[in-house]
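> Next one to model:
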Amino acid sequence: MKFQIEREVLLGPLSIVTSVVERRQTLPILANVFLQLEGKRLTLVGTDLEVEISIEAQVLSGEDGECTVTARKLLDICRALPETATIDFSGEGNKAKMRSGRSRFTLQALPPKDFPRLEAGTWEERITIPRKELKALLDRTSFSMAQQDVRYFLNGVLLELEGSTVTTVATDGHRLARSRASLTSPAGGQRQVIVPRKAVAELGRFLGEGAEDITVELNNNHISLERPGGTLISKLIDGKFPDYKAVMAQVLNQKMVADRQQFHEVLARTAVLTNEKYRGIRLELSKGSLKVSAHNPEHEEATDEIPVDYTGTDVEIGFNVTYLMDALKALTNDQVEAELQDANTGCMLHDPNDDDTLYLIMPMRL
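Residues are numbered from 1 along each chain as shown. Next up is the predicted model:
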């Protein structure tokens, strides 16, 4: 194969595709990016056998063919070339050659027929959702995923389709994030799938910016997301996600409304002197006031206070300060409402006029 392409045109798709390639692989060819040219359309594919990303780019000229070369070396070369550079690429046999200006590179190539592709089978469900909407749903929940938890079904985001609503949920057992949005056309039926952590991280880059619709296709084992010029396919986590609706049905009768920015800032200041391992912070809520305090094993202490809209009974409760700050950062309204009850029940955070996005944080004993 041969093609000529502008460096800037190649760099974006190559960066997205290379991000899915693991640095350590069981198969040498998994370190490579698959290149296929048809007409002036160059398709780049990267995979780790769990997630596969393919992105298209337009070449200036070329001869159809296929090739695989080391993804990271190709990316590093492209990054090192001048912004206005034009790249001449040719791949034949076990060598690939690149030329740009006076620069010359020869890379090892592996047979394209050996490059593994994800076989997803037949799709059973299809929906379309605006790219911005899907990205926002993931951004508002994905930070609550577990990391390398033995309860493997927590190491991902639940995607639930029910009627005309799409919901994303993530939990690590100590906090839970839920966000939902409306679909323009209803889904075929109720369906829950768990998208693994790696795919969720890649989706952030893959979706990027834009207002176009994303086509989402599902079956029992795979999910496919297609945007103009690109497709991401991922295996799903095989497991049963916790009944998040039951978890969120706690009775929380005390309600506090605070300025979200003030709340975040007072937590950030006090968090400096929390225990580095447990990150525990104490909230003392009384009429019109929220007092925040922290201490650590070095016997250092911090206290701070902000005015809030609260008229309930006095409540004293401990939390992981990072969980509170993450939730406040993800919300967008100027005000935040916190629903709580006592030291043994969780705290629900959301915008006062919107319960589409909810954060439930379980208490800590301090």
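
> Neighbouring strands - and their directions - for the strand or helix carrying Phe89?
According to DSSP states H and E, Phe89 maps onto strand 86-92. Strand 86-92 sits in its sheet next to strand 2-6 (antiparallel), strand 95-100 (antiparallel), going by DSSP bridges.

> Could you list the buried residues of that strand?
86-91 (16 or more other CB atoms under 10 Å). In this view, the C-beta of every residue, glycine as well, is placed from N, C-alpha and C.

> swap in stretch 161-179?
161, 166-172, 174-179.

> ends of it, how far apart?
This stretch, stretch 161-179, spans 12 Å end to end (CA to CA, to the nearest Å).

> Stretch 238-258 now?
OK, stretch 238-258 end separation, CA to CA: 40 Å.

> so where do the strands sit in the stretch 101-250 of the chain?
For the stretch 101-250 of the chain, the strands defined by DSSP state E, counting those that start in this stretch cover 103-110, 125-130, 156-162, 165-171, 175-182, 191-196, 213-218, 222-227, 230-235.

> Of all the ones you listed, which one comes closest to Asn320?
Judged by CB to CB, the one of the strands of the stretch 101-250 of the chain that comes nearest to Asn320 is strand 175-182, at 7.8 Å.

> picking up where we left off before, rebuild the buried residues of strand 86-92 as JSON lines, extending it with pLDDT.
Converted to JSON lines, the buried residues of strand 86-92 look like this (pLDDT from 0 to 100):
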{"residue": "Thr86", "pLDDT": "98"}
{"residue": "Ile87", "pLDDT": "98"}
{"residue": "Asp88", "pLDDT": "98"}
{"residue": "Phe89", "pLDDT": "98"}
{"residue": "Ser90", "pLDDT": "97"}
{"residue": "Gly91", "pLDDT": "94"}
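
> Which one of the residues you listed is nearest to Thr68?
Taking CB to CB as the measure, Thr68 lies nearest Gly91 of the buried residues of strand 86-92, at 8.3 Å.

> Against Leu110, how distant is that closest one?
The gap separating Gly91 from Leu110 is 10 Å, by CB to CB, to the nearest Å.

> And for Thr43?
From Thr43 to Leu110 the distance is 17 Å (CB to CB).

> Lys277 too?
46 Å.

> between those two, who's got more neighbours?
Leu110 (19 against 8; other CB atoms under 10 Å).

> tell me the domain ranges of this structure?
Segmentation of the chain into domains, based on automatic domain parsing, reads 2-114, 125-246, 250-361.

> and the last one, average pLDDT?
If I follow you right, that is domain 250-361. Per-residue pLDDT over domain 250-361 has a mean of 96.

> what about that domain, start to end distance?
Domain 250-361 end-to-end distance (CA to CA) = 12 Å.

> swap in the first one?
According to CA to CA, domain 2-114 extends 20 Å from its N-terminal end residue to its C-terminal end residue.

> residues touching Thr106, list them.
Each residue near Thr106 by CB atoms under 8 Å, 6 or more residues apart in numbering is listed here: 95-98.

> Backbone dihedrals for the residue lying farthest from the centre of the chain, please?
Distance to the chain centre peaks in the chain at Arg102, reaching 40.3 Å (criterion: CA atoms, centre = their mean). The phi/psi pair for Arg102 (degrees, to the nearest 10) reads phi -90, psi 0.

> burial measure for Phe153, as a count.
17.

> nope, Thr184 is what I was after
10.

> Quick check: it touching Thr128?
Yes: using CB atoms under 8 Å, Thr184 is in contact with Thr128, at 7.1 Å.

> Pull up the overlap in contacts between those two.
What both Thr184 and Thr128 touch, as defined by CB under 8 Å, 6+ apart, is an empty set.

> quick one: which two of the buried residues of stretch 161-179 are the most distant?
Leu161 and His174 (26.8 Å).

> Do you have the helices of the chain handy? List them.
7-18, 71-80, 131-139, 197-207, 244-247, 260-271, 321-330 (DSSP state H).

> same for the fourth one, what does it pack against?
Spelled out, that is helix 197-207. When contacts are defined as 3 or more CB pairs under 8 Å, 6 or more residues apart in numbering; DSSP states H and E, helix 197-207 packs onto helix 7-18, strand 51-58, helix 131-139, strand 156-162, strand 222-227, strand 230-235.

> closest to Pro116 out of those?
strand 51-58 (8.9 Å).

> same for that closest one, what does it pack against?
By 3+ CB pairs under 8 Å, 6+ apart, strand 51-58 packs against helix 7-18, strand 41-47, helix 197-207, strand 230-235.

> possible to save these as a markdown table with distance to Phe143, mean neighbour count and mean pLDDT?
Conversion of the helices and strands packed on strand 51-58 to a markdown table gives the following (distance: least, CB to CB, whole Å; neighbours: other CB atoms under 10 Å; pLDDT from 0 to 100):
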| stretch | distance to Phe143 | mean neighbour count | mean pLDDT |
| --- | --- | --- | --- |
| helix 7-18 | 21 | 19 | 97 |
| strand 41-47 | 25 | 21 | 98 |
| helix 197-207 | 10 | 19 | 94 |
| strand 230-235 | 19 | 21 | 97 |
